[in-house]
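>>> with the input below, show me the fold.
(2 chains, ligands or ions: 2)
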Amino acid sequence: MINQIVEYLRNADPLIQMSAVAAVLTLLGIIFALTYFKKWGWLWREWITTVDHKKIGIMYLICALLMLFRGGVDALLMRTQLAFPNMNFLDSQHYNEIFSTHGTIMILFVAMPLIFAMMNIAVPLQIGARDVAFPFLNAVSFWLFFFGALLFNLSFILGGSPDAGWVSYPPLAELSHSPGPGINYYVLSLQISGIGSIATGINFIVTILKMRAPGMTLMKMPLFCWSVLASCIVIIFAFPALTVALALLGMDRIFGTHFFTMLHGGNPMMYVNLFWVWGHPEVYIAILPVYGILSEVVSTFSRKRIFGYKSMVASLMLISVISYFVWVHHFFTMGAGPGVNSFFAVASMAVGIPTGVKVFNWLFTMFRGRIRLTLPMLWSLTFIPCFAVGGATGIMLASAPADYQFHNSYFVIAHFHQTLIGGAVFGLLAGMYYWWPKMFGFKLNETLGKWAFWFFNIGFYVCFMPQYALGFMGMTRRVYTYPAETGWGTLNFVSTIGAYLMGIGFLFIVVQILYSIRYGERDTTGDPWDGRTLEWSLPSPVPHYNFAQIPTVNERDAWWEMKQQRKEGILPPTKEPLKPIHMPNNSSLPFFMGLAFFVAGFGLVFNQFIIATVGLIGVVVCMLWRSLEKDTGHWISVDEIKQMEAS
Amino acid sequence: MAEVTGSPISNQQLFEHGMEEEEKHILGFWIFLASDLVLFACLFATYLLLRTHTDGGPTEAQLFDIPMFTLETFILLTSSFTCGLAVREMRNGHLGRLMGWLAVTILLGLAFVGIEVYEFITYSLEGATMQRSAFLSGFFTLVGTHGLHVSLGIVWMVSVGIQLIRDRIQPTTARKLFNAGLYWHFLDVVWVMIFTVVYLMGVMK
Ligand code: HEM
Ligand SMILES: [Cu+2]
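Numbers count the residues shown, from 1 in each chain, chains lettered A, B, ... in the order given. Ligands and ions are numbered 1, 2, ... in the order given. Predicted coordinates:
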């Protein structure tokens, strides 16, 4: 294994060698800084062993932003390579690796942790709960995600990245066509983080169903929680399909079975089906919570109740169901026949209906509202036209006969970036800006944020509109260079400029965060936006037990109602005396469990079965340890609560 | 429970807290089972697609041995029954009998896994390895995944047994035994499907 790695590094292209050096230097820098400032103990006690959902949310957010940077650099490298005809900035193999890691990272290690960040930060606070249902499991989920992402990123410096696209279709992804460890990294890192995602799904369904404050019936629950519920239901029914697809592909590669090979009766189409049974719902897993965020933001900043609450709930649930019946639209051209194709075409178009309902409800909510153009609101507003265009081009793709023209062209690239960036990422940024004061206790600088916003938005259209045209002109996806005679040069150049504009936008966000840590306006009220839901009734940042007393809810938008009543002079009912609160203990087991999975995964990547077995035994030992552990909590006394609340 | 500073915690509070915890765990476990079922559904679908892809190698009818898989089925179904008895004894508060039935269940589970391992080794020695054909890859993976689940179930029941001896019957241990039982019945249901789809349909042709 060591030889393999050294060999790889010696032959790697200078770009990779440079980034390997950069990664090692960064790591050394971090280790040095932590030692120098004596922060190891703090890091361990306050963060690594934490089971507090708010801190876990923040860790997800930080990792997601780091990964967005990595995926963004990949995107810029690709766009640079495509800026002119006949470029040779990257060679073809390197280009393959970069689009594969870019796609995988963006979907699994950016979009997913961003939604998990928002869920962790907001859901328990919005429903008036002290925590999630299974805080320990929540920490396990985070560390599985973390170590999965680490393993994936390691591939770049230790022995070859996956190079068969983010979908890794066999036979291209089989040993016969891709002999290096690259695809093994893909299989194992996605498997590890996928298990964490299923656990998160279970955790939040139970949290939402079982832990709402007294009086909060399902129909009084904030829409964001509804959207998380819908998304989690999709997770628990979709992710097992990915688990199976990856497991079988991994068995083919590591144990020599024949599920998807071209020899001995394997059938690659089975992989394609299993992959998209997960893959299509996956994009809804990412977008559903965004619908929830938008509903919260739009109603808060229009100072109005959301329009059509019930239809919003119904459309969320409908979308989560329909999303299972559309997966074949990803391979209309692979010969399923007209009957099957028509069914899936119609189902795909049907998703547009509930989505349309939502868009109109947001518009009606804003109508006659007193709109405040804060950063969260700006990002939400820009979502609407972007998603409308993305939806329209989606319908074009969902039409099976037309897809024979569009399939695997740049039109597709433009379409899904429109929905994934303009939809998921913009919406999640809106969420980040919205809940930022709640997480950290200070607001982000608006001016710098607006610069970021405009660079991102203008850059987005400059980058992706030309790609629709390129698709019509016959440019296919995943080509690493093209001759000048094709006439694609100009549009590609424009597109690359757009990509760089977005890159600048990202830098503005970084500067904005750094600047605001020092100079940002402190949030002393806990309610900087004049919010409507319960999280704004708490101080920012929130004490670790969330609510000193669990509120009783009578209305939708509970906090808004309480504020209205207070204004009308109706006093809140006298509170019951404080009671001691039970909270779970911190634990280092989740971290070690993630580490054990990582060791097992790393061993399997290089077919080192001894290392893999050690890792797997570690996993079982951690689970048994947890199972036999007796005391899993502590009580916070009334005196302590009083002290905390007073400060 | 943990040590408390300041005002005391009443037994009532402890009890309420405990009940709430148990309810959440049971719901969570049901949801986990739902998602595990999807996992098996995908494996079944793969198997059904590949079962005729023998690539000239051994077929289902040539491999499967009716007495062996009937015995496996019999053992597993019996273990599900004894597991039910264990849960019943727990409800009645008889720790001793509960432990007895739990031990029987674990032994039956071990016997099941043992026979399955024997079955797999026999096939492999006959040249029917999982590398031989797509059908065999599918067979070993589907049945093996179930077997792996059963093995994990055994480890889990042992752990619950230890806790029962240590802590006796109380909400936490009761819930753990209840969930382990649920899991065990679930594996039974999956086995009945394997019995039908893999073995019966296999030998009937
Ligand atoms: C800074 C903005 C971005 C730019 C400039 C960009 C650019 C690109 C380019 C050039 C490709 C390769 C096209 C090809 O050669 O086939 C690509 C592929 C892809 N991108 Fe992005 N991207 C961006 C952001 C995102 C985001 C935010 C996501 C998802 C959340 C995403 C998901 C994907 C996926 C799934 C692929 C397909 C990879 C594959 O073919 O296997 N991208 N992107
Ligand atoms: Cu799709």
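>>> use CA for all of it now, contacts and neighbours both
Noted.
>>> for A:F464, grab the count of nearby residues.
Number of residues near A:F464 (other CA atoms under 10 Å in any protein chain shown) recorded here: 25.
>>> and the lengthiest helix in chain B, what's buried?
Longest helix in chain B, counting residues (DSSP state H): helix B:11-50. Neighbour-count burial for helix B:11-50 flags B:21-22, B:24-29, B:31-33, B:35, B:37-44, B:46-50 (criterion: 16 or more other CA atoms under 10 Å in any protein chain shown).
>>> now for that helix, which elements pack on it?
helix A:182-210, helix A:223-255, helix B:134-167, helix B:171-194 (3 or more CA pairs under 8 Å, 6 or more residues apart in numbering or on different chains; DSSP states H and E).
>>> what packs against the third one?
Taking 3+ CA pairs under 8 Å, 6+ apart as the contact definition, the neighbouring helices and strands of helix B:134-167 are helix A:609-628, helix B:11-50, helix B:95-125, helix B:171-194.
>>> cutoff 10 Å now
helix A:223-255, helix A:609-628, helix B:11-50, helix B:60-63, helix B:95-125, helix B:171-194 (3 or more CA pairs under 10 Å, 6 or more residues apart in numbering or on different chains; DSSP states H and E).
>>> can you tell me which of those helices is packed in deepest?
Most buried of the helices and strands packed on helix B:134-167, by mean neighbour count (mean count of other CA atoms under 10 Å in any protein chain shown): helix A:223-255, with a mean of 24.
>>> rounded mean pLDDT for the helix or strand immediately after that one in the chain, please.
Per DSSP states H and E, the first helix or strand lying C-terminal to helix A:223-255 is helix A:268-301. Average pLDDT, helix A:268-301: 95.
>>> report the buried residues of stretch B:77-92.
Of the residues in stretch B:77-92, those buried (16+ other CA under 10 Å) are B:77-80, B:82-90.
>>> show me the contacts for the closest residue to ligand 1 within chain B.
Ranking the residues of chain B by distance to ligand 1 (CA to the nearest ligand atom) places B:C42 first, at 23.7 Å. By CA atoms under 10 Å, 6 or more residues apart in numbering or on different chains, B:C42 lies in contact with A:240-245, A:274, A:277, B:48, B:142.
>>> near ligand 1, from these?
Among the contacts of B:C42, no residue lies close to ligand 1 (CA under 6 Å from any ligand atom).
>>> which residues of chain B lie near ligand 1?
Close to ligand 1, as judged by CA under 6 Å from any ligand atom, chain B has no residues.
>>> where does pLDDT dip in chain B?
For chain B, residues meeting the criterion pLDDT under 70 lie at B:1-18, B:205.
>>> what do you get if the cut-off is 50, keeping everything else the same?
For chain B, the stretches flagged by pLDDT under 50 are B:1-7.
>>> can stretch A:634-647 be found next to chain B?
Yes - using CA under 10 Å from any CA of the partner chain, stretch A:634-647 reaches chain B at A:634-640.
>>> number of residues surrounding A:A484?
For A:A484, the neighbour count with other CA under 10 Å is 12.
>>> contacts only, for residue 144.
Chain wasn't specified; assuming chain A. A:138, A:150, A:189-197, A:199, A:590-598.
>>> let me rephrase: I mean chain B.
Neighbouring residues of B:G144 by CA under 10 Å, 6+ apart: B:113, B:116-117, B:120, B:138, B:150.
>>> same list (the residues you listed) but as CSV, adding distance to A:I208.
What follows is the contacts of B:G144, written out as CSV (distance: CA to CA, whole Å):
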residue, distance to A:I208
B:V113, 38
B:E116, 41
B:V117, 42
B:F120, 44
B:G138, 38
B:V150, 31
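>>> now do the strands in the stretch 501-647 of chain A.
A:581-584, A:633-636 (DSSP state E, counting those that start in this stretch).
>>> what's the closest of the helices and strands packed on helix B:11-50 to B:R97?
helix B:134-167 (12.1 Å; CA to CA).
>>> what strand or helix carries the closest residue to ligand 1 within the stretch 1-150 of chain A?
Closest to ligand 1 within the stretch 1-150 of chain A is A:G103: 3.6 Å, counting by CA to the nearest ligand atom. Element membership of A:G103, judged by DSSP H and E, is helix A:92-104.
>>> tell me the buried residues in that helix?
A:94-104.
>>> excluding residues flanking it in the chain, which one is nearest A:T333?
A:Y404 (6.0 Å; CA to CA, 6 or more residues apart in numbering or on different chains).
>>> what about the one you found, how many residues nearby?
Each residue near A:Y404 was counted by other CA under 10 Å, and the total is 14.
>>> what's the burial count for the residue lying closest to A:R370 once chain neighbours are set aside?
Nearest residue to A:R370 in three dimensions, chain neighbours excluded: A:S302, at 4.9 Å (CA to CA, 6+ apart). The local packing of A:S302 (other CA under 10 Å) involves 19 other residues.
>>> residues contacting B:Y199?
Neighbours of B:Y199 in contact, by CA under 10 Å, 6+ apart: B:60-61, B:63-66, B:69-70, B:192-193.
>>> ok, now A:S320?
A:S320 neighbours (CA under 10 Å, 6+ apart): A:227, A:229-235, A:281, A:284-285, A:288, A:351.
>>> make it 8 Å
A:S320 is in contact with A:230-231, A:233-234, A:281, A:284, counting by CA atoms under 8 Å, 6 or more residues apart in numbering or on different chains.
>>> and if you look at A:V298?
A:306, A:362, A:365-366, A:377, A:380.
>>> among those, who's most crowded?
A:S380 (28 neighbours).
>>> okay but that one is in contact with A:A424, surely?
No - if you go by CA atoms under 8 Å, A:S380 and A:A424 don't touch, sitting 10.7 Å apart.
>>> can you pull the residues that touch both of those two?
What both A:S380 and A:A424 touch, as defined by CA under 8 Å, 6+ apart, is an empty set.
>>> isn't A:L151 right up against A:S189?
Yes - using CA under 8 Å, A:L151 makes contact with A:S189 at a distance of 5.7 Å.
>>> of those two, which one has the most company?
The residue with more neighbours, out of A:L151 and A:S189, is A:S189; 28 against 24, by other CA under 10 Å.
>>> what about residue 73, how many residues nearby?
Using chain A here. 16.
>>> hmm, no, I was thinking of chain B.
B:T73 - counted by other CA under 10 Å - has 18 other residues nearby.
>>> do the same with A:T200
24.
>>> and if you look at A:S178?
18.
>>> how close does A:L628 sit to chain B?
7 Å (CA to the nearest CA, to the nearest Å).
>>> so how far is A:I395 from that residue?
Between A:L628 and A:I395 the distance is 53 Å, computed by CA to CA, to the nearest Å.
>>> and what of A:L68?
Taken as CA to CA, the span from A:L68 to A:I395 is 28 Å.
>>> just A:F343 next, same as before
Distance from A:F343 to A:I395, by CA to CA: 14 Å.
>>> contact residues of chain A facing chain B?
Within reach of chain B by CA under 8 Å from any CA of the partner chain, chain A has these residues: A:133, A:202-203, A:206, A:210, A:236-237, A:240-241, A:243-244, A:255-259, A:264-267, A:270, A:274, A:580, A:624, A:627-628, A:631-639.
>>> and those residues, which are buried?
Buried among the residues of chain A next to chain B by 16+ other CA under 10 Å: A:133, A:202-203, A:206, A:210, A:236-237, A:240-241, A:243-244, A:256-259, A:264-267, A:270, A:274, A:580, A:624, A:634-638.
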